[in-house]
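Asker: Structure for the following, please:
(2 chains)
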2 protein chains.
Amino acid sequence: MSTNSANQEAAFGAWMHDVQARIESALGRFLPSSEAIPARLHDAMRYVTLGGGKRVRPLLACAAGELTGATPERLEVAACAVEMIHVYSLVHDDLPCMDDDVLRRGRPTCHVEFDEPTALLVGDSLQTLAFGLLAGDAFGADDDSPVTAARQLEMVGLLAHASGSLGMAGGQAIDLASVGHALNQPELELMHALKTGALIRAATLLGALCGEAMSESEYAALDRYARRAGLLFQVVDDILDCTASTATLGKTAGKDAAADKPTYVSLLGLDGARDLAERLRTDALEALSGFGQGADRLIALTDFITHRKF
Amino acid sequence: MSTNSANQEAAFGAWMHDVQARIESALGRFLPSSEAIPARLHDAMRYVTLGGGKRVRPLLACAAGELTGATPERLEVAACAVEMIHVYSLVHDDLPCMDDDVLRRGRPTCHVEFDEPTALLVGDSLQTLAFGLLAGDAFGADDDSPVTAARQLEMVGLLAHASGSLGMAGGQAIDLASVGHALNQPELELMHALKTGALIRAATLLGALCGEAMSESEYAALDRYARRAGLLFQVVDDILDCTASTATLGKTAGKDAAADKPTYVSLLGLDGARDLAERLRTDALEALSGFGQGADRLIALTDFITHRKF
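Answerer: Numbers count the residues shown, from 1 in each chain, chains lettered A, B, ... in the order given. As a prediction, this is how the structure comes out:
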């Protein structure tokens, strides 16, 4: 490794840690205090949201925000809203009637640490909070802000579409129906495009929407990037699910195979899945080619997502 | 009964049926089609939302909209968003880990008719859809519309606050924690102000926000009305839970007492609860005294809520 690329890698690592720390702090501010009534519910909301997670969606939002000169303060709002939707989905996915999982981010899942009704309400309340946050005044609206009321509504609509029955929740429903069924690659891609891809895409676009307006062709190029990045993230997730340990992942490893769930590895084999990840990475970066240096962070993040070990 | 009041009652009944029919039709349009993928999830969303319910919250929204000259089309949007939040809360409340109920609106509950994971996702998706609807273009924005982008954001924020951990979901958490505990009247009122009252209040205010702007004092008066109407609705619900039959209610009667849940009847006795309902009705109507004839529908609806038999 050259000194130059080692420097770049160190700078990227520092940026990533900085974003993660800022998101952690912002989430802490946006969540109701543990003392607010009902205290136990708020305690549980903070337990599941704070103190962990790779914060991939916030990282994507913040990296995409560099394309449009978005301020860190505005990016925190959009990034936290997306992360709250992501965390709510994890809490509900872990419930006994869904994946029945006991470990998440290296700690007991919400229904294990608290109880099932609380976990249900934690997920419900985090979803509500995400939309309230995105529609509220946390963007610090002033006359010069690129985030106008109309833009905010567009962002709420984008997040709603990405997380509802035509997005994340719909993908989860297809996933449930697919257990024990052989899916072909287009069917598997539709499931993941909804289950994971839709929110990854939304995170990326919402980050860019926190800054100056993009041209239609720039927005379309970023959208192409975001769709490929979403699929790439899932392919790598499937690879890690069968190659990494539970300790490394902080969640139960190998559970997709154990549940007889279709994955890219079960469909293409380990080498085939790795080849697909590399192709998706190349395609994703290709979509960013028109952005010049503004996309450097997004490029580095894409490489990180491809080669991550957890 | 005089001919005049009989005529008024018939006109109110006709208005109520008209609103209920329009809301049913609008919900059908705003929900994804049963053919859209994933079909089973969308089928279940339509099963729980369509074909039943008193539509009390839509009725309140539409009656309050008469104060500000809101159009039926705009009122349908706000009313359907509130109703979707209400229905999502019923679907999640009926789950085995919560109230474990099998009957709702005279039919099997969602997790009985479909399955538990589907019911979880139905609730999650209905919540998302409510916010997407309120933030979207269904208000038919034109330059003359009183529902500006800023107004829409205010409405999203109001609905989010009413339904999250500081509103409906928070009330549900207090309710869960209160089973088998003796609550005093202020504690019971806090629980209901959040669990039922917050969404009733939001429905009323959202209806008024679909029309011309109100003065601050008018908004404050309507807010006073809405808070009392919310409490009134719950007191009457508690009375009906111990006096009406399961067949009349279309949901399991007497289950609060069976679950040893605190109610206004267990706290005040049946006569005491009836007296409280009458006092709340008087107080609620008093708050409307400054509105003149524009409030006639809201007054008639308040009487209906007080004297309903189901």
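Asker: Might you list the low-confidence residue ranges for the stretch 1-150 of chain A?
Answerer: For the stretch 1-150 of chain A, the stretches with pLDDT under 70 are A:1-2, A:141.
Asker: Check the stretch 151-300 of chain A for the residue nearest chain B and tell me.
Answerer: Per Cβ to the nearest Cβ, A:Ala160 is where the stretch 151-300 of chain A lies closest to chain B, at 3.1 Å. C-beta coordinates here come from the backbone N, C-alpha and C atoms, glycine included.
Asker: Give me the residues contacting the helix or strand harbouring that residue.
Answerer: Assigned by DSSP states H and E, A:Ala160 belongs to helix A:149-163. By Cβ atoms under 8 Å, 6 or more residues apart in numbering or on different chains, the list of residues contacting helix A:149-163 from outside reads A:78, A:81-82, A:85, A:89, A:127, A:130-131, A:134-135, A:139, A:141, A:147, A:167-169, A:198-199, A:201-202, A:205-206, A:209, B:128-129, B:131-132, B:135-136, B:148-150, B:152-153, B:156.
Asker: OK, contacts around A:Gly250?
Answerer: For A:Gly250, the contacting residues are A:Gly52, A:Leu103, A:Arg104, A:Arg105, A:Gly106, A:Phe310, by Cβ under 8 Å, 6+ apart.
Asker: Let's see which of these end up in strands.
Answerer: Members of these lying in strands (criterion: DSSP state E): A:Leu103, A:Arg104.
Asker: picking that back up, may I have the helix holding A:Ala160 exported as PDB, CA atoms only?
Answerer: Taking C-alpha atoms only, helix A:149-163 is exported to PDB below (Å, rounded to 0.1, in the frame of the first residue of the first chain):
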ATOM      1  CA  ALA A 149     -41.200  22.900   3.400                       C
ATOM      2  CA  ALA A 150     -41.900  21.400   0.000                       C
ATOM      3  CA  ARG A 151     -38.500  19.600   0.100                       C
ATOM      4  CA  GLN A 152     -39.300  18.300   3.600                       C
ATOM      5  CA  LEU A 153     -42.600  16.800   2.400                       C
ATOM      6  CA  GLU A 154     -40.700  15.200  -0.500                       C
ATOM      7  CA  MET A 155     -38.400  13.600   2.100                       C
ATOM      8  CA  VAL A 156     -41.200  12.300   4.300                       C
ATOM      9  CA  GLY A 157     -42.800  10.800   1.200                       C
ATOM     10  CA  LEU A 158     -39.600   9.200   0.100                       C
ATOM     11  CA  LEU A 159     -39.000   7.700   3.500                       C
ATOM     12  CA  ALA A 160     -42.600   6.500   3.700                       C
ATOM     13  CA  HIS A 161     -42.500   4.800   0.300                       C
ATOM     14  CA  ALA A 162     -39.100   3.200   1.200                       C
ATOM     15  CA  SER A 163     -40.300   1.700   4.500                       C
END
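Asker: State the number of residues packed around the residue of the stretch 151-300 of chain A closest to chain B.
Answerer: When neighbours are counted by other Cβ atoms under 10 Å in any protein chain shown, A:Ala160 registers 28.
Asker: Which helix or strand contains the closest residue in space to it that isn't next to it in sequence?
Answerer: Spatial nearest neighbour of A:Ala160, chain neighbours left out: B:Gly132 (3.1 Å); criterion: Cβ to Cβ, 6 or more residues apart in numbering or on different chains. Assessed by DSSP H and E, B:Gly132 sits inside helix B:116-135.
Asker: Show me what that helix is packed up against.
Answerer: Applying 3 or more Cβ pairs under 8 Å, 6 or more residues apart in numbering or on different chains; DSSP states H and E, one finds that helix B:116-135 contacts helix A:72-93, helix A:116-135, helix A:149-163, helix A:168-178, helix B:39-49, helix B:72-93, helix B:110-113, helix B:149-163.
Asker: could those be laid out in a markdown table, adding distance to B:Arg224?
Answerer: Formatted as a markdown table, the helices and strands packed on helix B:116-135 follow (distance: least, Cβ to Cβ, whole Å):
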| stretch | distance to B:Arg224 |
| --- | --- |
| helix A:72-93 | 32 |
| helix A:116-135 | 24 |
| helix A:149-163 | 28 |
| helix A:168-178 | 38 |
| helix B:39-49 | 31 |
| helix B:72-93 | 19 |
| helix B:110-113 | 36 |
| helix B:149-163 | 16 |
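Asker: Could I get the phi/psi values of A:Gly180?
Answerer: Note on A:Gly180: backbone dihedrals following degrees, to the nearest 10 are phi 80, psi 0.
Asker: which sections of the stretch 201-310 of chain A are below the confidence cut-off?
Answerer: Across the stretch 201-310 of chain A, the ranges flagged by pLDDT under 70 are A:246-249, A:253-254, A:256-259, A:310.
Asker: Strands along that one, start to end?
Answerer: With DSSP state E, counting those that start in this stretch, there are no strands along the stretch 201-310 of chain A.
Asker: For the residue nearest the centre of chain A, give its distance to chain B.
Answerer: When chain A is reduced to its mean C-alpha position, the nearest residue by Cα atoms, centre = their mean turns out to be A:Arg57, at 3.3 Å. Going from A:Arg57 to chain B by Cβ to the nearest Cβ, to the nearest Å gives 16 Å.
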